[in-house]
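Student: predicted structure and sequence below. I'll ask about it afterward.
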Amino acid sequence: MSGRTRLVGVSLKMYMGLARTREWMDAVAAAAREGLPPGVGLFVIPGFLSLRESAEILDGTGVALGAQNMFWEDAGAFTGEVSAPMLREAGCRYVEIGHAERRRLFGETEEVVSLKMRAAIRNGLVPVLCIGEMRRGTPEQAVAECAAQFASAAEGLPAESELVFAWEPVWAIGAAEPAPPDYIAAVAGGLRTLLAGWPRAKLIYGGSAGPGLLTRLGDAVDGLFLGRFAHDVGALRQVLTEAAASAGPAVLQ
Ligand SMILES: O=C(COP(=O)(O)O)[C@@H](O)CO
């Protein structure tokens, strides 16, 4: 028996130091021990230095751990980099690839994103592939821009790969409000078509997402990718509750 499932992710970006991350993880772990809502998966992504401790804090809670970035080679003379096998060893199941901030601030190209995608999948990590249109235009323009990014990132990958397609309009990241729900629904519809041949892909929306959004989106997306609006663990709990409600009752298969 299984139902429609929802996936909620949180990246702490570079907002929290070690002590603050520990406090936040403790609160998330305590909430999860009370029971994650049925049909909802949660993954959290702290900074690299907090990965090991976070893995210990989250042990046995059902909350999955991820990393914000990785290098595409598995080992070698690559000073300052972190590899997929290292992330696995640290307890990660997910890894973010191609976030808009990495593309814009650190010059990550489509080629780099593609190399990292291959390395993640080769090493058994689930990539959280971040894709999004630069400017607000029509939904059709957004889908076309995202389709080109996806084609490059996913080239040569087996379509049965597990992946999270995190659609994040660049203009909605760090904003006061998320993209409007009707816009999200229209673009997500096009992205679903794009993902039709990827049975294990989940489509989640990111960009100033927070409480109240999933309730307005219905089935348009499979979940949310949160940033600032999950720093308050109470707000995250509310999103998880809304995710459970939007997952609906379990269905027999
Ligand atoms: O960048 C993201 C959204 O950040 P906000 O702070 O919600 O705008 C996304 O990748 C989740 O971290």
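Tutor: Everything's here; your move.
Student: flag every residue of this protein that's near the ligand.
Tutor: Taking CB under 6 Å from any ligand atom as the criterion, the neighbours of the ligand within the chain are 11, 13, 99, 168, 173-174, 206-209, 225-229. In short, each C-beta sits where N, CA and C put it, glycine included.
Student: out of the residues you listed, who's the most crowded?
Tutor: Among the residues of the chain next to the ligand, the one with the most neighbours (other CB atoms under 10 Å) is A209, at 31 neighbours.
Student: for the residue of the stretch 1-150 of the chain at minimum distance from the ligand, which non-adjacent residue is closest in space?
Tutor: Among all residues of the stretch 1-150 of the chain, S11 sits closest to the ligand, at 3.5 Å; criterion: CB to the nearest ligand atom. Setting aside the residues directly before and after it, S11 is nearest to I45 in space (CB to CB, 6 or more residues apart in numbering), at 4.2 Å.
Student: ditto for Y15
Tutor: Beyond its immediate neighbours in the sequence, the residue positioned closest to Y15 (CB to CB, 6+ apart) is H231, lying 6.8 Å away.
Student: gap between the residue nearest to S11 and R93?
Tutor: 11 Å (CB to CB, to the nearest Å).
Student: next one: A185
Tutor: 29 Å.
Student: these two: who's more crowded?
Tutor: The neighbour count for A185 versus R93, taken as other CB under 10 Å, is higher for A185 (18 against 15).
Student: secondary structure element for that one?
Tutor: With the criterion set as DSSP states H and E, the secondary-structure element containing A185 is helix 181-194.
Student: what strands flank the helix or strand that comes right after that helix, and is each parallel or antiparallel?
Tutor: Once the chain leaves helix 181-194, the next helix or strand it forms, by DSSP H and E, is strand 201-206. Using DSSP bridges, the neighbouring strands of strand 201-206 in the sheet come out as strand 163-167 (parallel), strand 223-226 (parallel).
Student: what pLDDT is listed against the closest residue to the ligand within the stretch 151-253 of the chain?
Tutor: As assessed by CB to the nearest ligand atom, the ligand sits closest to G227 within the stretch 151-253 of the chain, at 2.4 Å. According to the prediction, G227 has pLDDT 98.
Student: you'd agree it is up against S11?
Tutor: Yes. Taking contacts as CB atoms under 8 Å, G227 lies within contact range of S11: 6.0 Å.
Student: would you list the phi and psi of the residue of the stretch 1-150 of the chain closest to the ligand?
Tutor: Per-residue torsions, S11: phi -110, psi 130 (degrees, to the nearest 10).
Student: return the residues in contact with it.
Tutor: I45, G66, Q68, E96, H99, F225, L226, G227 (CB atoms under 8 Å, 6 or more residues apart in numbering).
Student: for the fifth one, give me its contacts.
Tutor: By CB under 8 Å, 6+ apart, the contact set of H99 is S11, Q68, N69, C130, E168.
Student: give me the buried stretch members for the helix holding A185, please.
Tutor: Judged by neighbour count (16 or more other CB atoms under 10 Å), helix 181-194 contains these buried residues: P181, Y183, I184, A185, A186, V187, A188, G190, L191, R192, L194.
Student: any idea how far the second one is from Q141?
Tutor: Computed with CB to CB, the distance linking Y183 and Q141 is 11 Å.
Student: before we move on, back to that, what's the neighbour count on the residue nearest to Y15?
Tutor: By the other CB under 10 Å criterion, the neighbourhood of H231 contains 15 residues.
Student: pLDDT below threshold where in the stretch 1-150 of the chain?
Tutor: Within the stretch 1-150 of the chain, the stretches with pLDDT under 70 are 1-3.
Student: which stretches of it form strands?
Tutor: Listed in chain order, the strands of the stretch 1-150 of the chain (DSSP state E, counting those that start in this stretch) span residues 6-11, 40-45, 64-67, 94-97, 126-131.
Student: just the CA trace of the last one, in PDB.
Tutor: This points to strand 126-131. The C-alpha coordinates for strand 126-131 follow below in PDB (Å, rounded to 0.1, in the frame of the first residue of the first chain):
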ATOM      1  CA  VAL A 126      20.100  11.500  -4.900                       C
ATOM      2  CA  PRO A 127      20.700  14.800  -6.800                       C
ATOM      3  CA  VAL A 128      18.500  17.800  -5.900                       C
ATOM      4  CA  LEU A 129      18.900  19.400  -9.300                       C
ATOM      5  CA  CYS A 130      18.200  23.100  -9.100                       C
ATOM      6  CA  ILE A 131      16.800  24.600 -12.200                       C
END
